[in-house]
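K.L.:
fold the following, please.
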Amino acid sequence: MERPRGVLSLCLLTVLLQSGTLGMPPLYPMSQLCMFCDLELSSCSGTGTCMSNCSITSICDDSNEVCVSIWRKNETGFSIETLCHDPSKPLYGVMLEDYNSSTCVMKEKNTTSGMAHFCSCTDEDECNNNMLFSPILDPTPDDPLVSVLLVSLVPLLVMGIVVVVMFHWYRAYRQRGIREWESNIKKRKPKAAGLDCDACAIMMDDDGSDSSSTHANSLNHNTEPLPIELELLVGKGRFAQVYKAKLKQSTSDQFETVAVKIFPYEEYASWKNEKDIFSNTDLRHENVLHFLTAEERKVEKQYWIITAFHHRGNLQEHLTRHVISWEELQVLGMSLSQGVAHLHSDRLLCGRPKVPIVHRDLKSSNILVKNDLTLCLSDFGLALRLDSCLTVDDLANSGQVGTARYMAPEVLEARLNLENMESFKQTDIYSMALVLWEMTSRCEAIGEVKDYEPAYGSKVREHPCVESMKDNVLRDRGRPEIPDSWLQHQGIAVICATIMECWDHDPEARLTAHCVAERISELEDEMEKLSSRSSSAEKIPAELKIPTDLEIPGDEQKITGIQDVIAVDCSVSDEK
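P.N.:
Take a look at the predicted model:
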């Protein structure tokens, strides 16, 4: 009797060990490959099976993360958001369930922002691309056979639990051995020289790879660099070069076109600052360049930042090649102001607190044009997070940075009010006004359109220094010219009034980016109303008029033709 029992125990142990071994993950757990897109409009009505229509595939930040799709219904229609998320943490106040499946089955949940349908999955690449909406069935067992089956399954359930416990114990034991082995290997690695502690930490990943990536690295978490093939140099700046490149897909011969910004080793500080700014997920916005990953390429002795690629190029190139319509000017101006407003805001749209960011180098060559002719901000190498823990000394050490042509008067004069963080935002507003002027100068609605030239044009040389800009902006109080002919168009007149309020010599008198966006939005509405009226001489309603007699600094010209500027309440302290 003892011998059969021993044989049975040995067989059971053998089966358990074999099943555990077969189910063991690789020594280095692979992260999940998921669809990863911001909130996008969808035609999915919440029934049957729907596709996400997301075109971006990303590898999750952490091996514990799973693929997630979120479907929402609002007043304007339907939207879908796809992302990676750690199921041990709440997402919009909801804990994920049923993620250990290759099928993404939608379930309705009550989130912090209302009702939404969630699904999560794993074990299959891009499993959150297909979303299954299934009706909720009532599982009330009316047949006695169901009760009998449930009782019969209890022993099998107990055995299954035992198997799972032993499997996890075995896996934990193996992984502990792997970590001890890796620790011994790392102790024998030579210490990197010539870089600070942060640099050394980035040079040596947990898995000892030759490339490292950031928290927001949504692509590269493997031991090898991403399979990227550089194609064409498309831009060159003070700190880095930008290439158009192919990101090859691991599962096929297909590839995705991306932009790769390459920093030399000596520009580590600039790369790290831009990487840290991009790594904050609160930065994600439709009018901010979409960040994919950051890597250190030790073989090439380079630092890389990999982002979405926009084939239309930057705004300066676009304005050089194209004369824009009045409608395009509104789209460009709205998207620019919305992007800056998002940076400056201390709260997200959902109400969650956010650390404001100032760009500090806004100019037309640092703004990209997307396929739909909206804009997105790029090049955050000089950006600054306005964290409340920063001291006056910290802010003073940030230095006089930016491009001299676009520097605000207080930056040129080095008299920035370090006691008030809003003063940093006001410098961005001045730079944004110059970009708005450049866009307006190439709009067909102004009448005669000249060739593109940057703000201040021929008044200064091509790459002016700080001292020459001081003479023009501080001594002469000069600003780019706004001819009277521009003001014959009511909408252009409003844009010009907004520009002049944004480049005011007094920082406190400038508008906020949020106010500029509101003003352009109101302008769009009113111009649509005007275009639908039969009389071309009909004006904007009197209740929207504000009296204006605006002087253009330095040119001794006055805009007296603006009679119909939209009166939006634009307190400089307003920040939503």
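
K.L.:
can you classify Ala517 by secondary structure?
P.N.:
helix (DSSP: H, G, I helix; E, B strand; the rest coil).

K.L.:
break this structure into its domains for me.
P.N.:
Domain assignment for the chain by automatic domain parsing gives 33-133, 197-308, 315-559.

K.L.:
out of the ones you listed, flag the one nearest Leu153.
P.N.:
Nearest to Leu153 among the domains of the chain is domain 33-133; the distance by Cβ to Cβ comes to 19.5 Å. Any C-beta I mention is one placed from the backbone N, CA and C, and that applies to glycine too.

K.L.:
how long is that closest one end to end?
P.N.:
22 Å (Cα to Cα, to the nearest Å).

K.L.:
redo the domains of the chain as a markdown table? Include mean neighbour count and mean pLDDT.
P.N.:
Formatted as a markdown table, the domains of the chain follow (neighbours: other Cβ atoms under 10 Å; pLDDT from 0 to 100):
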| stretch | mean neighbour count | mean pLDDT |
| --- | --- | --- |
| domain 33-133 | 18 | 89 |
| domain 197-308 | 18 | 78 |
| domain 315-559 | 18 | 87 |
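
K.L.:
could those domains go into a markdown table alongside distance to Val162?
P.N.:
Shown next, in a markdown table, are the domains of the chain (distance: least, Cβ to Cβ, whole Å):
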| stretch | distance to Val162 |
| --- | --- |
| domain 33-133 | 19 |
| domain 197-308 | 33 |
| domain 315-559 | 44 |
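
K.L.:
what's the closest of those domains to Leu150?
P.N.:
domain 33-133 (20.6 Å).

K.L.:
what sits against Gly93?
P.N.:
Gly93 makes contacts with 110-112, as judged by Cβ atoms under 8 Å, 6 or more residues apart in numbering.

K.L.:
nearest spatial neighbour of the residue nearest the centre of the chain, chain-adjacent residues omitted?
P.N.:
The structure's the chain has its C-alpha centroid closest to Arg284; by Cα atoms, centre = their mean the separation is 2.7 Å. Leaving aside its sequence neighbours, Arg284 sits nearest to Asp38 (Cβ to Cβ, 6 or more residues apart in numbering; 6.3 Å).

K.L.:
three-state assignment of that neighbour?
P.N.:
Per three-state DSSP, Asp38 ends up strand.

K.L.:
thought it was touching Glu286?
P.N.:
Yes: using Cβ atoms under 8 Å, Asp38 is in contact with Glu286, at 6.5 Å.

K.L.:
measure Glu286 to Thr498 for me?
P.N.:
With distances taken as Cβ to Cβ, to the nearest Å, Glu286 is found 22 Å from Thr498.

K.L.:
please disregard the earlier target; I meant Pro356.
P.N.:
On the measure of Cβ to Cβ, Pro356 and Thr498 end up 22 Å apart.

K.L.:
one more: Ser55?
P.N.:
Taking Cβ to Cβ, one finds Ser55 at 35 Å from Thr498.

K.L.:
do the same with His311
P.N.:
If you go by Cβ to Cβ, the gap between His311 and Thr498 works out to 30 Å.

K.L.:
one more: Phe255?
P.N.:
Phe255 is 43 Å from Thr498, by Cβ to Cβ.

K.L.:
next one: Cys389
P.N.:
Cys389 is 34 Å from Thr498, by Cβ to Cβ.

K.L.:
now do Leu336
P.N.:
From Leu336 to Thr498 the distance is 12 Å (Cβ to Cβ).

K.L.:
shared neighbours, the two?
P.N.:
With Cβ under 8 Å, 6+ apart, Leu336 and Thr498 have common neighbours Leu436.

K.L.:
which residues does the nearest residue to Trp437 once chain neighbours are set aside contact?
P.N.:
Distance criterion Cβ to Cβ, 6+ apart; nearest residue to Trp437, sequence neighbours excluded, is Pro480 at 4.9 Å. Contacts for Pro480 (Cβ under 8 Å, 6+ apart) come out as 434, 437, 441, 455-457.

K.L.:
where's His359 relative to Val323, distance?
P.N.:
Taking Cβ to Cβ, one finds His359 at 27 Å from Val323.

K.L.:
one step back: Tyr170: which of the domains of the chain is closest?
P.N.:
It's domain 33-133; of the domains of the chain, that one is closest to Tyr170 (Cβ to Cβ) at 18.4 Å.

K.L.:
does the nearest residue to Glu524 once chain neighbours are set aside belong to a helix or a strand, and which?
P.N.:
Of all residues not flanking Glu524 in the chain, Gln330 sits nearest, at 5.4 Å (Cβ to Cβ, 6+ apart). Using DSSP states H and E, Gln330 sits in helix 326-344.

K.L.:
what is that helix packed up against?
P.N.:
In this structure, helix 326-344 packs against strand 357-358, strand 375-377, helix 422-441, helix 490-502, helix 513-531, with contacts taken as 3 or more Cβ pairs under 8 Å, 6 or more residues apart in numbering; DSSP states H and E.

K.L.:
just send these back as JSON lines, with distance to Ala294 too.
P.N.:
Shown next, in JSON lines, are those (distance: least, Cβ to Cβ, whole Å):
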{"stretch": "strand 357-358", "distance to Ala294": "17"}
{"stretch": "strand 375-377", "distance to Ala294": "17"}
{"stretch": "helix 422-441", "distance to Ala294": "24"}
{"stretch": "helix 490-502", "distance to Ala294": "33"}
{"stretch": "helix 513-531", "distance to Ala294": "27"}
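
K.L.:
select, out of these, the one closest to Thr76.
P.N.:
helix 513-531 (15.5 Å).

K.L.:
and the angle for that closest one with helix 422-441?
P.N.:
Calculated by axes from the mean of the first three to the mean of the last three Cα atoms, to 10 degrees, helix 513-531 forms an angle of 30 degrees with helix 422-441.

K.L.:
roughly how far apart are the residue nearest to Arg284 and Tyr265?
P.N.:
Distance from Asp38 to Tyr265, by Cβ to Cβ: 33 Å.

K.L.:
now intersect the contacts of Gly93 with the helices, please.
P.N.:
Among the contacts of Gly93, no member is found in helices (DSSP state H).

K.L.:
can you put these in CSV and add distance to Leu368?
P.N.:
Formatted as CSV, the contacts of Gly93 follow (distance: Cβ to Cβ, whole Å):
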residue, distance to Leu368
Asn110, 38
Thr111, 32
Thr112, 32
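
K.L.:
just the ones of those in strands?
P.N.:
The strands, defined by DSSP state E, take in 110-111 from the contacts of Gly93.

K.L.:
now do the contacts for Val358.
P.N.:
Contacts of Val358 by Cβ under 8 Å, 6+ apart are 343-344, 383-384, 386, 424-425, 427-428.

K.L.:
rerun that using 7 Å as the cut-off
P.N.:
Val358 makes contact with 343, 383-384, 386, 424-425, 428, according to Cβ atoms under 7 Å, 6 or more residues apart in numbering.

K.L.:
do I have it right that Val355 meets Arg385?
P.N.:
Yes: shown here, Val355 and Arg385 form a contact pair, counting by Cβ atoms under 7 Å, at 5.2 Å.

K.L.:
name the helices or strands packed onto the helix or strand containing Val234?
P.N.:
In the assignment (DSSP H and E), Val234 maps to strand 228-236. Counting contacts by 3 or more Cβ pairs under 7 Å, 6 or more residues apart in numbering; DSSP states H and E, strand 228-236 packs against strand 241-248.
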